[in-house]
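> Here's a sequence, model it:
(chains A and B)
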Amino acid sequence: MLHLHNTLSRKKEPFTPLVAGKVSMYVCGITIYDLCHVGHARLLVAFDVLFRHLQASDYDVTYVRNITDIDDKIINRAAENGESINDLTERYIDAMHEDEASLLLLSPTHEPRATDTIGRMHSLIKTLIDKGMAYPADNGDVYYAVSSFPDYGKLSGRKLDDLRAGERVAVDNNKRDPLDFVLWKASKADEPAWDSDWGPGRPGWHIECSAMAIELLGEEIDIHGGGADLQFPHHENEIAQSEAATGKQFARYWMHNGLVQVDDEKMSKSLHNFFTVREVLKSYSGEELRYFLMSGHYRSPLNYSASQLDNARASLRRLYTALRGVGADASRSVSREHVERFQAAMDDDLNTPVALSVLFELATEVNREGGAESKRGLKLANTLLQLGARLGILQGDADAVLQGSVDESGLDAAKIEALIQERVDARANKDWARSDEIRDELTADGVILEDKDGKTSWRRG
RNA sequence: GGCUGAAUGGCAGAGUGGCUAUGCACCGGAUUGCAAAUCCGUUUACCUCGGUUCGACUCCGGGUUCAGCCUCCA
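Got it, this is the predicted structure:
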């Protein structure tokens, strides 16, 4: 049975969805004003793994991951660039979709944009005002009154008094309480605006997610996810708004992925220590990056470094090496024992490191069988392939993956094959000098030869 | 200062009250014309101080260090 760590209780809990067999899941996606970095990639991969695992466990999953396409940063960036907000967001949404494809992500069921859900935001805010939990201020903004929600702080384990004591923000006279947050922002002259009962304006960040989640998944959802840095205040505020408006528990399981760090410090735009996905893709494949992001538990911090990516590459190489010559065939039998251990690891709050260790054991056993030629070898290799699919890896053709690295050398496959043939002839004549000379040449170009059973295969190192 | 969480072998990274994680690297052996790949084997751990226990890396308490959040953030 699946157990998930719930931030609400800070414990692993057995997972039971609201409606048997169905799961509704909302993940806070990206505020789109720049290219995705590795931190974003981790979020995307972590919840893609959850999505896949739920589906593999026979749940009918509705996965919503939003795009925040209206926000101060977006407005500012568009102004800096001298382009329209729409041009900016379209451009980066396209780029994000490309990055997602590189990371081998499944598409979420819905990918709503904040600007398409303004109506629901408006009605939610109205409800909150009617209930006395929100108030319009003199400056045209509408604020949420945190003190009106007794459970405020239940997700992040904070108390209002502690928060006030640690308050570092300058007091805003429009707010009744410095911790009140904005639901609706009055627009300045040249800013985008939507009409509302409180004058032209735009929604606050927090209400956007509540609205998109409720719009597509209803007032009660099973799983709500996001980065650990969103726990407070974003998710706390989502709970406050949603539960105050509907009177129901908004999300039953809250999940947070750990942050990617660089030199033991959070990777983020404000710290200027981030690497974009496409920068990484210049040197590593999307699958390698994906593997790296799954190599630790999703809740732990993950330190980004080139040597970690190298490690991911070496690990994938080992797994692919065991899969050479094995084509996908879902009808073949699998090793039940391995599948069960894999499933148990994933059921234990998505323990991907242990799940991956099952794949390595399979690879070792395939190799021990002498490859996928034998019946048992084929069964094991097939199991490896199928379990890889559950994690969204190992689905490429093994030879093609091993032979075509991102970092292309000057040699094309035909040239390599020709040199190999020349070497085969030399070896037949026991001309070891010429044979080694050819191999050294290829090695210098990043091509590694393997002689096995009288045949020579190659890969890029 | 408050609230979370973490400290494991050369590196990365799981886990368990007593028994091999796993990957990379290293060392020895097999295989190979020599390599590579592969297989077999060995070596290297559990921040610190106390406590509980027949027995703790694993539970409890103190300490130290680190990270995240408390401001936009995946």
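> Any residues of the stretch 201-350 of chain A in contact with RNA strand B? List them.
With C-beta under 7 Å from any atom of the strand as the criterion, the stretch 201-350 of chain A meets RNA strand B at residues A:205, A:226-234, A:257-261, A:264-270, A:295-297, A:300-303, A:307-308, A:311, A:314-315, A:318, A:321, A:348. C-betas here are computed from N, CA, C, even on glycine.
> List buried members of those residues by neighbour count.
Neighbour counting with 16 or more other C-beta atoms under 10 Å marks A:205, A:226-228, A:230-231, A:233-234, A:257-261, A:266-268, A:296-297, A:302, A:315, A:321, A:348 as buried within those.
> could you measure residue A:280 against residue A:350, distance?
Counting by C-beta to C-beta, to the nearest Å, the separation of residue A:280 from residue A:350 is 23 Å.
> pLDDT score for whichever residue of the stretch 101-250 of chain A sits closest to RNA strand B?
Proximity of the stretch 101-250 of chain A to RNA strand B (C-beta to the nearest atom of the strand) peaks at residue A:227, 1.8 Å away. The predicted local distance difference test score for residue A:227 is 97.
> who touches it in this structure?
Contacts for residue A:227 (C-beta atoms under 8 Å, 6 or more residues apart in numbering) come out as A:28, A:39, A:42-43, A:256-257, A:259.
> Sort out which of the residues you listed are in helices and list them.
A:39, A:42-43 (DSSP state H).
> Report whether the helix or strand harbouring residue A:24 contacts RNA strand B.
In the assignment (DSSP states H and E), residue A:24 maps to strand A:22-31. Yes - counting by C-beta under 7 Å from any atom of the strand, RNA strand B is contacted by strand A:22-31 at A:28-31.
> One more: stretch A:416-434?
Yes - judged by C-beta under 7 Å from any atom of the strand, stretch A:416-434 and RNA strand B are in contact via A:427, A:432.
> pLDDT of that stretch, averaged?
Per-residue scores along stretch A:416-434 average to 94.
> Check stretch A:261-281 too.
On average, stretch A:261-281 scores 93.
> you'd agree residue A:150 is in a helix?
No - checked against DSSP: H, G, I helix; E, B strand; the rest coil, residue A:150 lies outside a helix; its state is coil.
> That one - how many residues pack around it?
Counted with other C-beta atoms under 10 Å, the neighbours of residue A:150 add up to 9.
> Next step: the residues of the stretch 201-350 of chain A next to RNA strand B restricted to strands.
Judged by DSSP state E, those include A:226-227, A:257, A:260-261, A:265-266, A:302-303 as members of strands.
> which residues sit against the strand or helix carrying residue A:61?
In the assignment (DSSP H and E), residue A:61 maps to strand A:60-68. For strand A:60-68, the external contacting residues (C-beta under 8 Å, 6+ apart) are A:21-32, A:47, A:51, A:54-55, A:74, A:89, A:93, A:96, A:108-114, A:205, A:208-209, A:212-213, A:216-217.
> which element follows that strand toward the C-terminus?
Past strand A:60-68, the next helix or strand by DSSP H and E is helix A:72-81.
> could you dump that following helix to PDB, C-alpha only?
Extracted as PDB, the C-alpha positions of helix A:72-81 are listed here (Å, rounded to 0.1, in the frame of the first residue of the first chain):
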ATOM      1  CA  ASP A  72       4.800  41.500 -10.700                       C
ATOM      2  CA  LYS A  73       8.000  39.800 -11.900                       C
ATOM      3  CA  ILE A  74       6.400  39.100 -15.300                       C
ATOM      4  CA  ILE A  75       5.200  42.600 -15.700                       C
ATOM      5  CA  ASN A  76       8.600  44.000 -14.700                       C
ATOM      6  CA  ARG A  77      10.500  41.700 -17.000                       C
ATOM      7  CA  ALA A  78       8.300  42.500 -20.000                       C
ATOM      8  CA  ALA A  79       8.800  46.100 -19.300                       C
ATOM      9  CA  GLU A  80      12.600  45.600 -19.100                       C
ATOM     10  CA  ASN A  81      12.600  43.700 -22.400                       C
END
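> Thanks again, I'm all set now.
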